[in-house]
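1. Below are the sequence and a predicted model; questions follow.
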Amino acid sequence: MSAPRLSRRGFLGILGGAAALTALSGCSLGSATGSTGEQLVSRMPLPEPFRVPLPVPPTARPVGVHPSGADLYRVTQRVAEVEIIPGTRTPILGYDGIFPGPTFETRRGRPVVVQHRNELPVPTVVHLHGGHTPADSDGWPLDLVLPVGDSSDWSGHGMVGDPAAKQAAGVREHHYPTDQRAATLWYHDHRMDFTAPAVYRGLAGFHIVRDDEEDALPLPRGDRELPLMICDRSFADDASFRYPGLDQGMRSLPGVEDDWMEGVLGDVVLVNGAPWPVHEVDAARYRLRLLNSANARRFRLALTVPGAPDLPLVQIGSDSGLLAAPVEHQAIEVAAGERFDVVVDFSVLPVGAEVTMINGLGAGPTADVMRFRVVRTAPDDSRVPERLSEIEPLVPPPGATERTFRFTRGAVRDHRGWTINGTSFDPSASLADIPLGEVELWRFVTDVHHPVHVHLDPFQVLRRGSGGAGPYDSGWKDTVDLRPAEVVEVAVRFSDHAGRFVFHCHNLEHEDMAMMGTIRTV
Ligand code: C2O
Ligand code: CU
Ligand code: CU
């Protein structure tokens, strides 16, 4: 295999005026599209929208019981070719060779162990986004799952329990205690400096946690509950994913190029890995678990119906589970990494109606997302209760620790990139040591769009600018969307797991260009 570069800092030299201009134009394009990033244009004819049926990823099945008593799962990361654009083959890096990866269905109080085996030509790191996970299973950006090479079994040469041996054999074990509320989590690659191109090539999947509280509610379920992973991609003339510098085939995974540090935007919108898909629905309520898994693109999602008002999106949950009460939206803005759990009522429409999910921040092909076609009437005993859950308000007490984190473009030691408080990601230097169990007030400040994500525990948004929390800030969040030159204050509290974690910008090009910080819970 070609040698992956372990750190790209050395390559980020001063580029002078031309680079500064590129950066500025990326920024101004960003304000036009509602995203910070630059669009990469596909080099093949784009397919007709609303022709490909919506795929629903298969559910992961446990292979047995781990010695700890947890349900044991195995995932093989491998290269595969899949049909994304009809009639063509796209090489991907896939969990079990599919994109999205298999969906985990887990229950609160039931621990899970996932062994990942890396048959890819590149190292990887597995992170469960939204997981309340001990540090050694969280996907620290240097906790590599090395390529398996010649080893052919799952046991780490028979030395079960020896992490070094497992790592040598290309297998790594992740322990998820699952002592957390029902919520839509997702798992994806998290390797330092190389997350953006790895996720872009397919390393992402859903991980749903359920619990008794949520099961007791009369929400839509079964076929009427759909996880929707929304992202954008561009395609090369051979139908492979087009990404800056990705012309050298699957054996190498270049990092983010300086000219693309604003963020990579594609011109094809994929939902569950299919371009602008269509889904046939009953005239009934549906629960949609919306996830923006894009590298950099923000979406403003709305449901349009020809000749009729838009269908409202009734939000029932946020990143970290149910809201206290439903919130009705005409449109929802969702930044990279965020999840919105919504109920949509198709029963107000006649059979034959077509409902298009549009992206109000897109233009041309990126203005459409997917379509629903109402094909039959059907009984429906679901409803959205007035009260969904109990949410404890997180209030920093008088004298609580306050921390300010500035997310800005910057140069550190003469290297261009993205910074938090003027520093680039340093695995060995903690930006904050936080006592477990204490409520703190954190203030995030931005220059351009930065969706800020904190590992380990969710937070609550207190203020946006001089106002209260914004319309999309309700409930427990683990990722908050910050627009250019914005100040957002959140209340954070970490519990249970002492150790080393990260927080970072979830624009993956920004993250790879070092907009990540180490924190320690103590
Ligand atoms: Cu979804 Cu640290 O990431
Ligand atoms: Cu995360
Ligand atoms: Cu950012």
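-> The structure has been received and is ready for your questions. Ligands and ions are numbered 1, 2, ... in the order given.

2. In the stretch 151-300 of the chain, where is pLDDT below threshold?
-> Within the stretch 151-300 of the chain, the stretches with pLDDT under 70 are 151-168, 247-252.

3. Most proximal residue of it with respect to ligand 2?
-> His190 (7.6 Å; CB to the ion). Where you see a C-beta, it was placed from the backbone N, CA and C, and this is true even at glycine.

4. residues near that residue, how many?
-> 28 (other CB atoms under 10 Å).

5. hang on, isn't it packed against Gly131?
-> No. Using CB atoms under 8 Å, His190 is not in contact with Gly131, being 11.6 Å away.

6. residues touching the residue of the stretch 151-300 of the chain closest to ligand 2, list them.
-> Counting by CB atoms under 8 Å, 6 or more residues apart in numbering, His190 touches 125-127, 139, 141.

7. ok, 7 Å please
-> 125, 127, 139, 141 (CB atoms under 7 Å, 6 or more residues apart in numbering).

8. these two touch, right, the first one and Ser137?
-> No. The pair Val125 / Ser137 is not scored as a contact, 11.3 Å apart, by CB atoms under 7 Å.

9. More neighbours: which of the two?
-> Val125 (24 against 21).

10. and stretch 294-301, which residues are buried?
-> For stretch 294-301, burial by neighbour count (16 or more other CB atoms under 10 Å) applies to 294-299, 301.

11. re the thing from before, now the residue of the stretch 151-300 of the chain closest to ligand 2: how far from Pro451?
-> The gap separating His190 from Pro451 is 15 Å, by CB to CB, to the nearest Å.

12. How many residues are close by Phe340?
-> So Phe340, with other CB under 10 Å, has 26 neighbours.

13. check whether the helix or strand hosting it contacts ligand 1.
-> Phe340 belongs to strand 339-345 when assigned by DSSP states H and E. No. Using CB under 6 Å from any ligand atom, strand 339-345 stays clear of ligand 1, coming no nearer than 10.4 Å.

14. Put the alpha carbons of that strand into PDB.
-> Taking Å, rounded to 0.1, in the frame of the first residue of the first chain, the C-alpha atoms of strand 339-345 are listed here in PDB:
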ATOM      1  CA  ARG A 339     -30.200  14.800  13.600                       C
ATOM      2  CA  PHE A 340     -33.800  15.900  13.600                       C
ATOM      3  CA  ASP A 341     -36.500  13.300  14.500                       C
ATOM      4  CA  VAL A 342     -39.800  14.400  12.800                       C
ATOM      5  CA  VAL A 343     -43.300  13.100  12.200                       C
ATOM      6  CA  VAL A 344     -45.000  13.900   8.900                       C
ATOM      7  CA  ASP A 345     -48.700  13.300   8.300                       C
END
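
15. got a list of contacts for that strand?
-> Against strand 339-345 from outside (CB under 7 Å, 6+ apart): 184, 219-220, 285-291, 303, 311, 313-319, 332, 334, 384.

16. shaky segments in the protein?
-> Scanning the chain for pLDDT under 70 picks out 1-33, 150-168, 247-252.

17. Can you report phi and psi for the spatially most central residue of it?
-> Nearest residue to the geometric centre of the chain (CA atoms, centre = their mean): Gly337, 3.4 Å. Gly337 adopts backbone torsions of phi 100, psi -20, taken as degrees, to the nearest 10.

18. Same question for Thr404.
-> phi -110, psi 130.

19. ok, and the closest non-adjacent residue to it?
-> Arg443 (4.4 Å; CB to CB, 6 or more residues apart in numbering).

20. Okay, buried residues for the helix or strand the one you found falls within please.
-> For Arg443, the enclosing helix or strand under DSSP H and E is strand 439-446. Buried residues in strand 439-446, defined by neighbour count with 16+ other CB under 10 Å: 439-442, 444-446.

21. how about whichever residue of the stretch 51-200 of the chain sits closest to ligand 3, secondary structure?
-> With CB to the ion as the measure, Ala196 is the residue of the stretch 51-200 of the chain nearest to ligand 3, at 11.4 Å. Three-state call for Ala196 (DSSP: H, G, I helix; E, B strand; the rest coil): helix.

22. measure it to ligand 1 for me?
-> 12 Å (CB to the nearest ligand atom, to the nearest Å).

23. now do Met44
-> 29 Å.

24. Give me the distance between that residue and ligand 2.
-> Distance, Met44 to ligand 2, using CB to the ion, to the nearest Å: 33 Å.

25. Next up, the contacts around that residue.
-> Counted by CB under 7 Å, 6+ apart, Met44 has contacts 235, 237, 239.

26. And Asp310, by the same measure?
-> 302-304, 330.

27. what pairs with Gly410 across the strands?
-> Listed beta-bridge partners, Gly410: Gly417 (assigned using DSSP bridges).

28. how far away is the one residue in the chain that gets nearest to ligand 1 from Arg413?
-> Ligand 1 sits closest to His129 of the chain, with a gap of 3.4 Å, by CB to the nearest ligand atom. To Arg413, His129 is 30 Å away according to CB to CB.

29. Likewise for Gly467?
-> Using CB to CB, Gly467 is found at 38 Å from Arg413.
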